[in-house]
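Undergrad: Below are the sequence and a predicted model; questions follow.
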2 protein chains.
Amino acid sequence: MTATLHDIAERLGINICTVSRALNDKPGVGPKMRRRVTKVALEMGYRPNIHARSLTNKRTEALGFLSGMEISSFLSNAFYTGVFAGIESEARALNYALMFDSVAESLDLARGYMPKMLAEHRVDGLLVVGAMDEVFFKAIKASGHPFVVVDYHLPGFDMDTVTIDNRRGGWLATEHLIERGHRRIAFIGGTPLTHGNFAERLEGYQNALAAHGLPRDEKLVQEGEVIGGGESIMQILKRAPDVTAAVACNDINALNAITTLEKTGRQIPRDFSIAGFDDIQEAQTSVPSLTTIHIDRPAMGRKAVQNLVERLRAEHANPIQSVVIAPQLVIRDSTGAPPA
Amino acid sequence: MTATLHDIAERLGINICTVSRALNDKPGVGPKMRRRVTKVALEMGYRPNIHARSLTNKRTEALGFLSGMEISSFLSNAFYTGVFAGIESEARALNYALMFDSVAESLDLARGYMPKMLAEHRVDGLLVVGAMDEVFFKAIKASGHPFVVVDYHLPGFDMDTVTIDNRRGGWLATEHLIERGHRRIAFIGGTPLTHGNFAERLEGYQNALAAHGLPRDEKLVQEGEVIGGGESIMQILKRAPDVTAAVACNDINALNAITTLEKTGRQIPRDFSIAGFDDIQEAQTSVPSLTTIHIDRPAMGRKAVQNLVERLRAEHANPIQSVVIAPQLVIRDSTGAPPA
DNA sequence: TTGTAGGCGTTATCAA
DNA sequence: TTGATAACGCCTACAA
């Protein structure tokens, strides 16, 4: 079907390994011969068989992408798909194929089950996005496959990560509201609020309040469901009617809160200011558009691939790297001065 | 690192090929021996090396996923990601790995460039989603790789497809509005409107009008940009102020039109009815929720994989299959009777 | 600079 | 029922 090294060698009346050397830019082939080989290879449409190559190489030139979420949850999450876009393009740029897998919950990780991608297709390395069970990380580490984790970090576990500076983001959003003149600022949380991204954003919010001499008030913080921003803000307003602004743990909650507040007759930002987190697409297109914390999601994905490939290509063991991506405040129409 | 057939054979003091036969459920191994082999294989954590296998097999147990769009456009399109979710889960269920690739525009298909996934990793078959250049299909067909195309069909080109019955969908939406009492119904189009999905939906709309004895009026049809539903409907209303309802070529346009109409003081559905197409998530959550045409997107993806794998496993050449998925009308809050 | 030989892990063909 | 041998396509010592 496809031409092989053998075919090329035969056609030129030379040995296979000369062809191999010529095409792989290895020393030991004269320039004339190299040109002849290259020319014929092109003519015959030669493409290497990666499987054959991997047998001796131990390298498959493929990376694995693994998400711990159900595939549909993953795909409907703009944050993760943004990261994935970056991963995909960078992998291609670095000449790696990308295998996609989502770890079904049914997967018996505890029994040491390894995804087929890893155990049988033997991808060179793994990109893990989002939270995953510790058992999984242990198993994968034991397997010796290099991996980089995006947007998740298991405390006390050595792994390459690319994460967001959530505290900084929470700080930026809060400080922005303070600068606009707000003094009573709520935090619309998500689940869980005890650890992970949301907890860190909450911390940033609290730190910013403290830094500006504003008192911490538990009544102003509401844990909530993923898209329950509307309910959360209503709860908070019941407890503290003097609140004039809120930082939401993400844009979904923020937008939901805005919708709900508008239904109660409040105008945004005239009567109430809200800042989100993530800068999803709707943050731009919604009315009013949403002040939020922007994260360069594709950049996170690209960075993860770069680090992974760097590790793969390194001669010697490299130190573990934790890359923290700085978020940026994007000021739009949902925040303004507090009502007089 | 990992146990090989050789290791198992050595441990049992038998020959490699007996082990191979035993583990692959091939005849020619006694039941006792088979059990012994299976047991040891499990103990040693044996997993086959697919690359080695593929060398003799010619099968890589991997499918390729290919999208003709830029990766970010693909990921932000709920229709396509829904299809992808179905593809991913079905591929896994059928024990195939999935390689992901998006064809960059820079790809010189005209020169017969084949994606690395195909030419070097040699996936067994290909899932193509959405429109793609004819050159590409020709090249891939010439390469002999089986492929199934979702949501696209190149006229006069033999290929397995899974598509939507767009005419039926357009018909259903239009008929629904007619049944509600509307007589002057607009069509909010997209680009292109001369061929492809949108054209077929438009046809369905026209057929429904004709079947119910309503005149065709070019003034009621507006081609438009992908998210320009609002502008489109305003154009139409300028030309034909007596319009009381509209079928949009997709939900994005429908939702955009609703937002715009509400800004002009119209209430939906009291003053104007709008039906969409696709049933994206926002169709459920928007206010008012959107009457639309639902398509089981994951089912389309699953079906595509099933057909592809069927073809791969078939002993003899199978006939080309065109699967057409029936859409369903979902009645929500954006459609009602025309104003009195 | 080029060729020879062996091996990567698996399957298939043939012989025992 | 089992074993020996060759082959898949490529790479890497090593020898010429």
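TA: Happy to help now that I have it. Keep in mind that this is a model prediction, so the values were computed, not measured.
Undergrad: Which of the residues in whichever strand or helix holds residue A:207 are classified as buried?
TA: Element membership of residue A:207 [criterion: DSSP states H and E] is helix A:197-211. Buried residues in helix A:197-211, counted by 16 or more other C-beta atoms under 10 Å in any protein chain shown: A:197-202, A:204-209. All C-beta spots, glycine's among them, are computed from the backbone N, C-alpha and C.
Undergrad: Of those, which is the nearest to DNA strand C?
TA: Of all these, DNA strand C sits closest to residue A:197, with 40.8 Å by C-beta to the nearest atom of the strand.
Undergrad: ok, now which ones touch the nearest residue to that closest one once chain neighbours are set aside?
TA: Distance criterion C-beta to C-beta, 6 or more residues apart in numbering or on different chains; nearest residue to residue A:197, sequence neighbours excluded, is residue A:166 at 5.3 Å. Contacts here follow C-beta atoms under 8 Å, 6 or more residues apart in numbering or on different chains; on that basis residue A:166 touches A:197, A:200-201, A:203-204, A:327.
Undergrad: what's the most distant pair in those residues?
TA: Spanning the widest gap among these are A:203 and A:327, at 13.9 Å by C-beta to C-beta.
Undergrad: who does the worst-scoring helix or strand of chain A on mean pLDDT touch, helix- and strand-wise?
TA: The helix or strand of chain A with the lowest confidence, counting by mean pLDDT, DSSP states H and E, is helix A:134-142 at a mean of 86. Judged by 3 or more C-beta pairs under 8 Å, 6 or more residues apart in numbering or on different chains; DSSP states H and E, helix A:134-142 is in contact with strand A:147-150.
Undergrad: Parallel or antiparallel, which strands does the strand it packs on pair with?
TA: For strand A:147-150, the paired strands and their directions (DSSP bridges) are strand A:125-129 (parallel), strand A:160-164 (parallel).
Undergrad: which of those is buried the deepest?
TA: Mean neighbour count (mean count of other C-beta atoms under 10 Å in any protein chain shown) peaks for strand A:125-129 among these, with a mean of 25.
Undergrad: So which residues of the stretch 201-340 of chain A form helices?
TA: Applying DSSP state H, counting those that start in this stretch to the stretch 201-340 of chain A gives helices spanning A:229-239, A:251-263, A:281-285, A:297-313.
Undergrad: Nearest approach to residue B:6 belongs to which of those?
TA: Using C-beta to C-beta, the helices of the stretch 201-340 of chain A put helix A:297-313 closest to residue B:6, at 26.5 Å.
Undergrad: Can you spell out which residues form a bridge with the closest residue in space to residue A:70 that isn't next to it in sequence?
TA: Nearest residue to residue A:70, sequence neighbours excluded (C-beta to C-beta, 6+ apart): residue A:102, at 6.7 Å. Beta-bridge pairing for residue A:102 (DSSP bridges): residue A:67.
Undergrad: repeat for residue A:292
TA: residue A:330.
Undergrad: try residue A:149
TA: Listed by DSSP bridges, the beta-bridge partners for residue A:149 are residue A:128, residue A:161.
Undergrad: list the contacts for it?
TA: Residues counted as contacts of residue A:149 (C-beta under 8 Å, 6+ apart) are A:128-129, A:132, A:137, A:159-162, A:304.
Undergrad: What number of residues are in the vicinity of the closest residue to residue A:336 other than its chain neighbours?
TA: Closest residue in space to residue A:336, ignoring its immediate chain neighbours: residue A:269 at 3.6 Å, by C-beta to C-beta, 6+ apart. If you count neighbours by other C-beta atoms under 10 Å in any protein chain shown, residue A:269 ends up with 23.
Undergrad: Can you say which helix or strand has the one residue sitting closest to the centre of chain A in it?
TA: Central residue of chain A (C-alpha atoms, centre = their mean): residue A:83, 4.0 Å from the mean position. Counting by DSSP H and E, the element that carries residue A:83 is helix A:78-93.
Undergrad: do the same with residue A:65
TA: strand A:62-67.
Undergrad: Quick check: the residue in the stretch 51-200 of chain A positioned nearest to DNA strand C vs chain B, distance?
TA: Here the stretch 51-200 of chain A gets closest to DNA strand C at one residue, residue A:55, 3.1 Å apart by C-beta to the nearest atom of the strand. Computed as C-beta to the nearest C-beta, to the nearest Å, the residue A:55 to chain B distance reads 6 Å.
Undergrad: cool, and residue A:16?
TA: Applying C-beta to the nearest C-beta to residue A:16 and chain B gives a distance of 16 Å.
Undergrad: What of residue A:310?
TA: Taking C-beta to the nearest C-beta, one finds residue A:310 at 21 Å from chain B.
Undergrad: Please name the nearest non-neighbouring residue to that residue.
TA: Nearest non-adjacent residue to residue A:310, counting by C-beta to C-beta, 6+ apart: residue A:318, 7.0 Å away.
Undergrad: Tell me how far that neighbour lies from residue A:128.
TA: 18 Å (C-beta to C-beta, to the nearest Å).
Undergrad: any weak-confidence spans in chain A?
TA: Segments of chain A classed as low confidence (criterion: pLDDT under 70) are A:1, A:104-112, A:225-227.
Undergrad: picking that back up, will you turn the contacts of residue A:149 into CSV that also has distance to DNA strand C?
TA: Listed next are the contacts of residue A:149 as CSV, based on distance: C-beta to the nearest atom of the strand, whole Å:
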residue, distance to DNA strand C
A:128, 26
A:129, 29
A:132, 27
A:137, 26
A:159, 27
A:160, 27
A:161, 31
A:162, 32
A:304, 29
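Undergrad: so which of these would you say is closest to residue B:283?
TA: Set against residue B:283, the nearest of the contacts of residue A:149 by C-beta to C-beta is residue A:129 (27.4 Å).
Undergrad: Roughly how far does the nearest residue to residue A:229 once chain neighbours are set aside sit from chain B?
TA: In space, and not counting its chain neighbours, residue A:229 is closest to residue A:253: 3.1 Å by C-beta to C-beta, 6+ apart. Per C-beta to the nearest C-beta, residue A:253 is found 14 Å from chain B.
Undergrad: can you check residue A:247 too?
TA: Look at residue A:247 and chain B: by C-beta to the nearest C-beta, they are 23 Å apart.
Undergrad: what's the residue nearest to that residue when sequence neighbours are not counted in contact with, if anything?
TA: Setting aside the residues directly before and after it, residue A:247 is nearest to residue A:173 in space (C-beta to C-beta, 6+ apart), at 4.6 Å. If you count contacts by C-beta under 8 Å, 6+ apart, residue A:173 has them with A:204-205, A:247, A:275-277, A:291-293, A:329.
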